[in-house]
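Got a sequence here, can you model it:
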Amino acid sequence: MPPKPRPHGKRKPPPTSGGQDRRVLVIGVAVGVALLALAGIGFAVAAGGDEGPGDARAALEAAGCTLTTANALRGVHSITSPGGTSDEWNTDPPTSGPHYEVPAVWGSYTEPANQAQLVHNLEHGGVTIQYGPDVPATTLAELQEFAQDNPRGTILAPYEPLGDQIALGAWVTESASQPDKGTTYLAKCAAFDAEAFQAFLDAYQFQGPERFPADSLLPGRT
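Numbering: from 1, shown residues only. Below is the predicted model of the structure:
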């Protein structure tokens, strides 16, 4: 008798490329995420990230202002009276260094403020806006409105040596843990420019060697 034919089992379907496709897709997504992360890091670096002060120079110079920097002097309470001065001050108006132990009250002044106190305000992260007696009344009104719009950590006051100019001062350190490593910024302008002045505040305010919370630097407080 002829042998019985052997039964044939079901043929296995040929392997598909589905698994490989999924692996390729996963790898592609991972590479894409990595590239986006690197792009984000690059953007942060290009923009300056959260480290150090910003840069208001371009806005100030476009408004016709000058911006000068100086190495910050060590802050000590060596001036014994509110109206005292120091031979160590290296800018005019002063922006760092020896000062009186009690800062000035935050807000706007119609009479000159004590420079020895204002330096203490700068140490706390504030910004001073001072103007000479020859600044027009219309400009003074703009300055007062600007100070009202930026009440935290801002002092507006007259300063006779400025003549027809306006000066913005700030004391900035790399970090609160390195109070002796700092730079001061002093802008002098012949006119008020809201964009340039706001750029100065955005770049340098609240970065002093003694960093008080912004909400504690309100008008009427020291």
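
Enumerate every residue touching E160.
If you count contacts by CB atoms under 8 Å, 6 or more residues apart in numbering, E160 has them with P112, G132, P133. The way it works is simple: take the backbone N, C-alpha and C, and place the C-beta from them, glycine included.

can you tell me which of the residues you listed lies nearest to T69?
Taking CB to CB as the measure, T69 lies nearest G132 of those, at 21.7 Å.

burial of the residue lying closest to that closest one once chain neighbours are set aside, as a residue count?
In space, and not counting its chain neighbours, G132 is closest to L162: 3.3 Å by CB to CB, 6 or more residues apart in numbering. Counted with other CB atoms under 10 Å, the neighbours of L162 add up to 18.

Surely L162 is in contact with Y131?
Yes - L162 lies in contact with Y131 (CB atoms under 8 Å); the separation is 6.1 Å.

re earlier: any chance of the contacts of E160 in JSON lines, with pLDDT and neighbour count too?
What follows is the contacts of E160, written out as JSON lines (pLDDT from 0 to 100; neighbours: other CB atoms under 10 Å):
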{"residue": "P112", "pLDDT": "98", "neighbour count": "15"}
{"residue": "G132", "pLDDT": "98", "neighbour count": "15"}
{"residue": "P133", "pLDDT": "98", "neighbour count": "12"}
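
okay, the residues you listed in a markdown table with distance to A157 and secondary structure next?
A markdown table is the format used below for the contacts of E160 (distance: CB to CB, whole Å; DSSP: H, G, I helix; E, B strand; the rest coil):
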| residue | distance to A157 | secondary structure |
| --- | --- | --- |
| P112 | 6 | coil |
| G132 | 11 | coil |
| P133 | 12 | coil |
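
what about the strands in the protein?
Ranges of strands within the chain are 66-71, 107-108, 127-131, 154-158, 166-173, 182-189, based on DSSP state E.

want to throw the ones you listed into a markdown table with distance to L143?
Listed next are these as a markdown table, based on distance: least, CB to CB, whole Å:
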| stretch | distance to L143 |
| --- | --- |
| strand 66-71 | 18 |
| strand 107-108 | 8 |
| strand 127-131 | 6 |
| strand 154-158 | 6 |
| strand 166-173 | 7 |
| strand 182-189 | 10 |
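
how about the residue nearest to E101 when sequence neighbours are not counted, what does it touch?
The shortest distance from E101 to any non-neighbouring residue, by CB to CB, 6+ apart, is to H77 (4.1 Å). Contacts for H77 (CB under 8 Å, 6+ apart) come out as P98, H99, Y100, E101.

what about H77, distance to F200?
Plainly put, H77 is 27 Å away from F200 if you go by CB to CB, to the nearest Å.

Also N114?
From N114 to F200 the distance is 22 Å (CB to CB).

Which of those two has more residues huddled nearby?
Relative neighbour count places F200 above the other of N114 and F200, with 26 against 20, counting by other CB under 10 Å.

separation between the more buried one and D134?
Using CB to CB, F200 is found at 21 Å from D134.

what does the model give D55 for pLDDT?
Listed pLDDT for D55 reads 88.

That one and D202 touch, don't they?
No - counting by CB under 8 Å, D55 sits too far from D202 to count as a contact (10.1 Å).

Just the CA trace of stretch 109-121, in PDB.
What follows is stretch 109-121, C-alpha atoms only, in PDB (Å, rounded to 0.1, in the frame of the first residue of the first chain):
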ATOM      1  CA  TYR A 109      10.200 113.000  47.000                       C
ATOM      2  CA  THR A 110       9.800 116.700  46.200                       C
ATOM      3  CA  GLU A 111      12.900 117.600  48.200                       C
ATOM      4  CA  PRO A 112      16.400 116.000  47.700                       C
ATOM      5  CA  ALA A 113      16.800 112.700  49.500                       C
ATOM      6  CA  ASN A 114      20.000 111.800  51.500                       C
ATOM      7  CA  GLN A 115      22.400 110.100  49.300                       C
ATOM      8  CA  ALA A 116      23.900 108.100  52.200                       C
ATOM      9  CA  GLN A 117      20.400 106.600  52.700                       C
ATOM     10  CA  LEU A 118      19.700 106.000  49.100                       C
ATOM     11  CA  VAL A 119      22.800 103.900  48.700                       C
ATOM     12  CA  HIS A 120      21.300 101.700  51.400                       C
ATOM     13  CA  ASN A 121      18.100 101.400  49.300                       C
END
